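K.L.:
Sharing a sequence plus its predicted fold:
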Amino acid sequence: VASDRLGEIFDLSLEREENENKKIRPEDLKGDIVIKNLDFRYGTRALVLKDISLTIKQGEKIALVGESGSGKTTLVKLLMNLYPWEKGDITIKNYNIKDIAYDSLRERIAYISQDIFMFSGTIRENLCLGRNDIDMNDIVEACQMAQAHDFINKLPLRYETHLEENAANLSGGQKQRLAIARAILKKPDIFIMDEATSNLDSITEKAIERTIETVCKGVTAIIIAHRLSTIKRCDRIYVMDDGRIIEMGTHKELMDRRGRYYELWKEQLPDDDEKDEDTENGNILTDGNESEASPILSIPGLYIPSYYTSSAEAAASDETGGGGLNS
């Protein structure tokens with residue numbers, strides 16, 4: 001089966017058009033992104049994107065939000081000309097992307113996907129991706145910005161530590177941090193993050209957010225996120241549903257409008273609110289086995305005032321028939 005699949009891959013034609021050598025190779029792609037009346041479908045299936053039109057100003061930080069399957073990832077992949085679309089135009093810096101050579105277009109775009117690809121090789125090799133002109137100081141700086149340097153330093157050979165296929169010897173969060181460092185090293189004109197912080201804890205995620213704000217100064221950034229708290233400070237937020245853009249605005253504007261974005265936000269808030277209320281009230285939740293007695297007694301090494309232990313012992317004595325806590 002493996003050899004048959006390998007044969008199929010070798011039989012695939014190269015992603016190269018006859019006139020590829022005649023296509024333009026801009027020095028940079030620092031300009032507005034304009035999408036007009038875009039329709040797209042996979043094969044002969046129903047339309048995935050329907051009459052999409054939007055303009056992203058150079059240096060803007062925008063977000064795409066919506067339910068899974070609404071077309072967010074497909075839209076950003078079309079910006080890299082990964083698929084031919086049915087109708088409409090995409091221009092970057094007034095260049096139609098169909099006129100730009102594939103390698104030149106993708107060289108200026110850093111795309112961090114949900115599914116991080118790492119090959120069998122050292123961490124340094126995975127970060128450089130065959131480029132031998134990257135200075136080690138730049139690699140370390142990028143990893144520090146991506147909150148990856150500390151965990152790399154704890155590995156046996158640090159940046160020369162060998163990764164297994166698809167980095168099976170790293171956690172999901174560690175792989176995501178390496179992918180962000182790899183994107184920073186690319187020094188792109190357009191930065192795309194597709195759920196790129198979904199496997200990170202909240203503290204690391206906030207640190208990465210600050211890093212992205214620094215890295216993306218003067219760089220166009222497109223962020224796809226389900227966790228809406230991560231995109232509040234974006235210049236503009238586009239809400240997608242069933243392949244269409246149904247709302248657009250800043251976080252405040254969309255919240256004031258009380259439309260779909262407001263509903264999505266409200267769906268995510270209750271859990272956080274409940275947790276905050278429980279924390280403020282001193283309650284500790286368990287897996288459905290909550291106890292009315294305070295958990296303070298179970299914390300080792302904690303000084304417990306005599307009046308507290310007396311009341312607790314009295315309660316225990318009542319339940320056990322007068323034996324107290326040590327009966």
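P.N.:
Here it is on my side, so go on.
K.L.:
Give me the pLDDT for Glu18.
P.N.:
Note for Glu18: predicted pLDDT of 64.
K.L.:
Secondary structure class of Gly59, three-state.
P.N.:
Secondary structure state of Gly59, per DSSP: H, G, I helix; E, B strand; the rest coil, is coil.
K.L.:
Can you give me the neighbour number for the residue nearest to it when sequence neighbours are not counted?
P.N.:
Nearest non-adjacent residue to Gly59, counting by C-beta to C-beta, 6 or more residues apart in numbering: Gly218, 5.3 Å away. From N, CA and C alone the C-beta is placed, and that goes for glycine too. Here the count is done by other C-beta atoms under 10 Å, and Gly218 has 9 residues near it.
K.L.:
Repeat that for Val48.
P.N.:
Per other C-beta under 10 Å, the neighbour tally for Val48 reads 20.
K.L.:
Which strand residues bridge Glu247?
P.N.:
Applying DSSP bridges to Glu247 gives these bridge partners: Val239.
K.L.:
All the helices of the protein, residue numbers only.
P.N.:
2-11, 72-79, 102-107, 123-128, 136-145, 149-153, 172-186, 202-215, 251-257, 260-280, 306-320 (DSSP state H).
K.L.:
is it true that Lys98 touches Asn81?
P.N.:
Yes: with contact defined as C-beta atoms under 8 Å, Lys98 counts as touching Asn81 (6.9 Å).
K.L.:
Show me whatever sits in contact with both of these two.
P.N.:
By C-beta atoms under 8 Å, 6 or more residues apart in numbering, Lys98 and Asn81 have these common neighbours: Ile90.
K.L.:
For the two, work out which one has more neighbours and name it.
P.N.:
With neighbours defined as other C-beta under 10 Å, Lys98 and Asn81 compare such that Asn81 has more, 18 against 14.
K.L.:
per-residue pLDDT, that one?
P.N.:
Turning to Asn81, the model gives it a pLDDT of 92.
K.L.:
Where does pLDDT dip in the protein?
P.N.:
1, 8, 11-18, 196-201, 204-205, 207-208, 270-327 (pLDDT under 70).
K.L.:
Swap in 80 and give it another go.
P.N.:
Low-confidence segments of the chain, defined by pLDDT under 80, span residues 1-21, 114-115, 130, 166, 172-173, 195-217, 226-230, 268-327.
K.L.:
That one - how does it break down into domains?
P.N.:
According to automatic domain parsing, the chain comprises the domains 13-103+229-283, 297-327.
K.L.:
Among these, show me which one is buried the most.
P.N.:
Greatest average neighbour count among the domains of the chain goes to domain 13-103+229-283 (a mean of 15), per mean count of other C-beta atoms under 10 Å.
K.L.:
gap between that one and the chain center?
P.N.:
Its chain's average C-alpha position is 13 Å from that of domain 13-103+229-283, according to C-alpha atoms, centre = their mean, to the nearest Å.
K.L.:
Just to check, Ala63 is in contact with Met240?
P.N.:
No: between Ala63 and Met240 there is no contact, the gap being 10.5 Å when judged by C-beta under 8 Å.
K.L.:
Turn the domains of the chain into CSV, columns for distance to His149.
P.N.:
Shown next, in CSV, are the domains of the chain (distance: least, C-beta to C-beta, whole Å):
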stretch, distance to His149
domain 13-103+229-283, 22
domain 297-327, 34
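K.L.:
State the distance from the residue nearest to Glu164 when sequence neighbours are not counted to Gln58.
P.N.:
Excluding its sequence neighbours, the residue lying closest to Glu164 (C-beta to C-beta, 6+ apart) is Ser120, at 6.3 Å. Plainly put, Ser120 is 38 Å away from Gln58 if you go by C-beta to C-beta, to the nearest Å.
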